[in-house]
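>>> kindly generate the corresponding structure for this input.
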Amino acid sequence: MSKERYGIRRFALLNTAGYSLGLFPLEEPLSVYGANNLGKSASINALQFPILARMSDMSFGKYSLEQSRRFYFASDTSYILVEVSLPHGPHVIGVVGRGPGGGFGHQFFAYAGKLDLAHYQKNDTCLRQKELFTNLEREGLKAYELKPDELRRLLVGGHTSIPLDLTLIPLRSTSEQSLKTFPRTVHQLLHMREITAAKLKQLFLDAFEHSLRSGSVDYIAACEEAFRDVRRMEQDYNSLVTAGPLVEALASGVTQRNILRGKLHRISPLLDSLLGTWSDYASARKEELTIQAEHYRSEQDALQNDQRGGTQELMRLEREITGIQRWLGELSVLKHRFALVTDVKVLEQQLLAAKDAHDELAGALAQSRQFSAEDLDERLRDLEKRLKSVKQQLDHADNNSYARLREEFSQQDVERLMRLFNSALFSLPLGEHGITLDEDGQWVKSLELILDGFKGERFEVPGLAIDISHIEPPALQALADRAALRDQKERLEKELKQLKTQAAVVADRAASKTQTEALYQQVLDAQKALEDFRRAQTLSAEEDDKLEQLAQMEAAQEELKRSSDAFTERVQQLSAKLQLVGRQIGDMEAKQRTLDDACAAVSCCRQTCPFGTPFMDPIDDSMDNLLPLLNDYQDSWQGLQRSDGQIEALYAQVRLKGVAKFDSEDDMERRLQLLINAYAHRTDEALTLGKARRAAVTDIARTLRNIRSDYDSLEHQLALFNREINKRQVSNLQSFRIVLAPNKEALKHIDQIIHSAGQYEEGETLSVFDLSQSADQDNKNEEAKEYLARLVAANHNQLGLKDLFELAFEITKVNGQPVIPGY
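Numbers count the residues shown, from 1 in each chain. Predicted coordinates:
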């Protein structure tokens, strides 16, 4: 009796994929063949719906998912059905279309029972989903709608809320990763023409994933991780060797610094003792100098107080002498200025003339606005005519006997003659038509003889005496006319001058105004000159008194100056003494400050400076050697500071060479000592580096062991797989086996690394610590590591199980030999 087999028994297509009805028995091996475009591929592709469920996991060749949906579910009576045989009974899994009204979508359903196509038809017409479910329920079959994810989980034995067990392909794990591997495997089986060796290899790896411990690993990253410390140690070692001269200079600098530190600590207590002695001496000496300075200062203050009164008197005399000298200087200037002026009337006349000129021009300027140029011209012509007429009359009036007599005789004599003679006589003109006078002056003598006859108010000549006291001298009209004419002439001349001035003003008012201002300034200057002249006269009267006062004051000033010079000399002597004492005190204080700074330096050294190398040379600790010893201490301290700076600079250069191994040490002294010791024992550092390099191999081996173990597990799983698939013969092949074709070179190098690491870990050899043994194994390990690095270079540095083998198929025909065609 044959053993019951479970799986898909029948596959049916209703109104889909070009079939009105397509029925495919799958209990036995089935071959589908025919001409092109008869629906072979469409029927095979239809199996994806009930098995894969999600269209995103399906492939329809050159057709898109949307085109495939419209093709398979063109109506709401399109069905894809499979009947599966399960240990607990037959079940039906179906997919029904929704047609154009449902957007060519589809709905999964399932029920327990056998596939009976009669349930899907009524009167030779396919039923819609709702009618189908009603019909199935009448037949006692309960159908359940399924979501794609629910169907996927039911097919592989997962848990859902649907009370059906559709476990067709039980998976050991229903994780999301396993659910992804399952549809990919089914897809590859349905489309064998699209599969490649790489895809098939990955398919097997995914299928046996549960038996494998490791996927692919980043081999380069693993090597980097394992050798990170080794490379760091190697870099530190190489940097240390490269920086060798700097480290040697650094060691020399540290040695010198320790010597200076020891010297400072040796000198320090000696300085304390000497500084204490100096402090006592300095205090006493400073007190003595301070008392001297106070005595000199008191004496100086007393002298200055005495001198202060004399100084004030001297300043008063200087002010008064300066005032008198200024007064005499002013007088000298005035005398020089008026040296040619002997009478004040000259200056007064100049002032009056300036005022007249100014007033005349100012008046003309004021009146120029009342007349035009034509009016002024007409008035000028009229005045000139009148003045000419008056001058002619005046000439006639001046040329008569009276005027001639007046020229020769006094007024009294002329009046006596006028009393004696007819008054008309005196009005006669001189000349042919009047009185003729000889040129030799005889007529004057004749008249003198007549005048000799006048005795007071009487005229007496021999035989004649005339009393003329009652006769008044006639007021000659000619005389009055002549005076009037002269007045008229002066008035007309003055008026003519004014008119000419007005005419000039009218012609150029701006120039006239400027001239007026200039004349006004002349008036002011004349007034000032007059005032200065009068002041000069006043000052001259006081000059003798001032000169006498000046002489007296200068004598008193000279006496005060001699007294002041004596005071000043004494004060300067005291100041010199005070300065000397001050310098001595300053020197003491400067020396004390120097010592204070030294004390601070000593204190700083004691607080911050380590002891260093003991200083054993003899030191002079006498008081005379205080300053040299102090200078030596300061020089040593400065040398220590320079040494510190040089050490820091050298250490910075060492760090630039890449030596940063000891930077984690907080103590700089400790850091330097470790660096110097490391360089001194660099041979030991090289041995340690070799040990670390070999020890890193064991870290890489841990990663490679997992992959090597997975290779052995995969061989075992394939053996089980081959045994199962050969239980049932499906062709003319006697046997069909899938075997691994190993990458022998890769396995050899992996085994080399694992073997070496095993020796190190199990203690079979001590080569990881015994560097004196042969380096052959190290070279093999390095060769293996480099080979694997080249192997993974084309695969993004990933080393996985798939890199250790290729799949091969061992086929044995009936009555034939095994044939192993490799992929």
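
>>> can you list the domain ranges for this protein.
Domains of the chain are assigned by automatic domain parsing as 7-170, 217-242+682-819, 345-523.

>>> looking at those, which is closest to Glu569?
Smallest distance to Glu569 across the domains of the chain (CB to CB): 56.4 Å, for domain 345-523. Yep, even glycine has a C-beta here, placed from its N, CA and C like the rest.

>>> could the domains of the chain go into TSV alongside mean neighbour count, mean pLDDT and distance to Leu331?
Formatted as TSV, the domains of the chain follow (neighbours: other CB atoms under 10 Å; pLDDT from 0 to 100; distance: least, CB to CB, whole Å):
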stretch	mean neighbour count	mean pLDDT	distance to Leu331
domain 7-170	17	89	131
domain 217-242+682-819	15	71	102
domain 345-523	15	69	18
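
>>> what's the first-to-last distance across stretch 119-129?
Criterion CA to CA, to the nearest Å; first-to-last residue distance in stretch 119-129 is 11 Å.

>>> before we move on, what about stretch 461-471?
End-to-end span of stretch 461-471 (CA to CA): 18 Å.

>>> surely Gly157 forms part of a helix?
No: under DSSP: H, G, I helix; E, B strand; the rest coil, Gly157 sits outside any helix and is assigned coil.

>>> is it in contact with Thr167, as I believe?
Yes: look at Gly157 against Thr167 with CB atoms under 8 Å: they come within range, at 4.1 Å.

>>> on that earlier part again, turn the domains of the chain into CSV, including distance to Ala197.
Below are those laid out as CSV (distance: least, CB to CB, whole Å):
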stretch, distance to Ala197
domain 7-170, 19
domain 217-242+682-819, 7
domain 345-523, 125
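
>>> give me the distance from stretch 134-151 to the chain's centre.
Mean C-alpha position of stretch 134-151 versus that of the full chain (CA atoms, centre = their mean, to the nearest Å) differs by 78 Å.

>>> who touches that stretch?
Outside stretch 134-151, the residues that touch it by CB atoms under 8 Å, 6 or more residues apart in numbering are 50, 53-54, 93, 107-113, 119, 122, 127, 132-133, 154, 160-164, 166.

>>> for it, how far is the first residue from the last?
22 Å.

>>> quick thing: my sequence starts at 840, can you match it?
That works, and once the first residue is 840, the last one we named lands at stretch 973-990.

>>> output the below-cut-off pLDDT ranges for the stretch 1040-1189 of the chain.
1049-1066, 1068-1070, 1073-1074, 1078-1079, 1145-1149, 1180-1181 (pLDDT under 70).

>>> all strands of it, in order?
For the stretch 1040-1189 of the chain, applying DSSP state E, counting those that start in this stretch gives strands covering 1056-1057.

>>> so what's Lys1641 closest to, chain neighbours aside?
Spatial nearest neighbour of Lys1641, chain neighbours left out: Lys1040 (5.6 Å); criterion: CB to CB, 6 or more residues apart in numbering.

>>> that neighbour - how many residues pack around it?
The tally of other residues near Lys1040 (other CB atoms under 10 Å) stands at 17.

>>> what's near enough to touch it?
By CB under 8 Å, 6+ apart, Lys1040 lies in contact with 1641, 1644-1646, 1662.

>>> if I look at the residue sitting furthest away from the middle of the chain, how far off is Gly1497?
Largest separation from the mean C-alpha position in the chain: Gly1302, at 142.5 Å (CA atoms, centre = their mean). Distance of Gly1302 to Gly1497, computed by CB to CB, to the nearest Å: 172 Å.

>>> can you check Ile1098 too?
Taken as CB to CB, the span from Ile1098 to Gly1497 is 30 Å.

>>> nearest residue to His998 other than its sequence neighbours?
Arg992 (6.9 Å).

>>> Ile1001 is in contact with the one you found, correct?
No: at 9.2 Å, Arg992 does not count as touching Ile1001 under the criterion of CB under 8 Å.

>>> what's the span of stretch 889-905, first residue to last?
End-to-end distance for stretch 889-905: 18 Å, by CA to CA.

>>> equivalent analysis for stretch 940-956, please.
Stretch 940-956: ends 25 Å apart by CA to CA.

>>> next one: it to chain centre, how far?
Computed by CA atoms, centre = their mean, the separation of stretch 940-956 from the middle of its chain amounts to 76 Å.

>>> pretty sure Glu1554 is touching Ala1580, no?
No: using CB under 8 Å as the test, Glu1554 is too far from Ala1580 to be in contact (11.3 Å).

>>> what about Asn1097, distance to Phe1454?
Plainly put, Asn1097 is 10 Å away from Phe1454 if you go by CB to CB.

>>> show the contacting residues for the residue nearest to Met894 when sequence neighbours are not counted.
Nearest residue to Met894, sequence neighbours excluded (CB to CB, 6+ apart): Leu904, at 5.2 Å. Leu904 makes contacts with 894-895, 897, as judged by CB under 8 Å, 6+ apart.

>>> out of those residues, who's nearest Leu1413?
Using CB to CB, these come closest to Leu1413 at Ser895, 116.3 Å.

>>> now the closest one. Its backbone dihedrals?
phi -70, psi -20 (degrees, to the nearest 10).

>>> and what of the one 10 residues further on?
Comment: the main-chain dihedrals of Glu905 come out as phi -70, psi -40, following degrees, to the nearest 10.

>>> dump the residue contacts of the residue lying closest to Glu1554 once chain neighbours are set aside.
In space, and not counting its chain neighbours, Glu1554 is closest to Leu1579: 5.7 Å by CB to CB, 6+ apart. By CB under 8 Å, 6+ apart, the contact set of Leu1579 is 1550, 1553-1554, 1557, 1644-1647.

>>> widest-spaced pair of those residues?
Tyr1550 and Ala1647 (14.5 Å).

>>> so how far is Glu1138 from the nearest residue to Gln1131 once chain neighbours are set aside?
Counting by CB to CB, 6+ apart, the nearest residue to Gln1131 once its immediate chain neighbours are dropped is Val1420, at 5.3 Å. Here the criterion is CB to CB. By it, Val1420 lies 13 Å from Glu1138.

>>> these two: which has the busier surroundings?
Shown here are Val1420 and Glu1138; by other CB under 10 Å, Val1420 has more neighbours (20 against 16).

>>> how near is that one to Leu1434?
Val1420 is 21 Å from Leu1434, by CB to CB.
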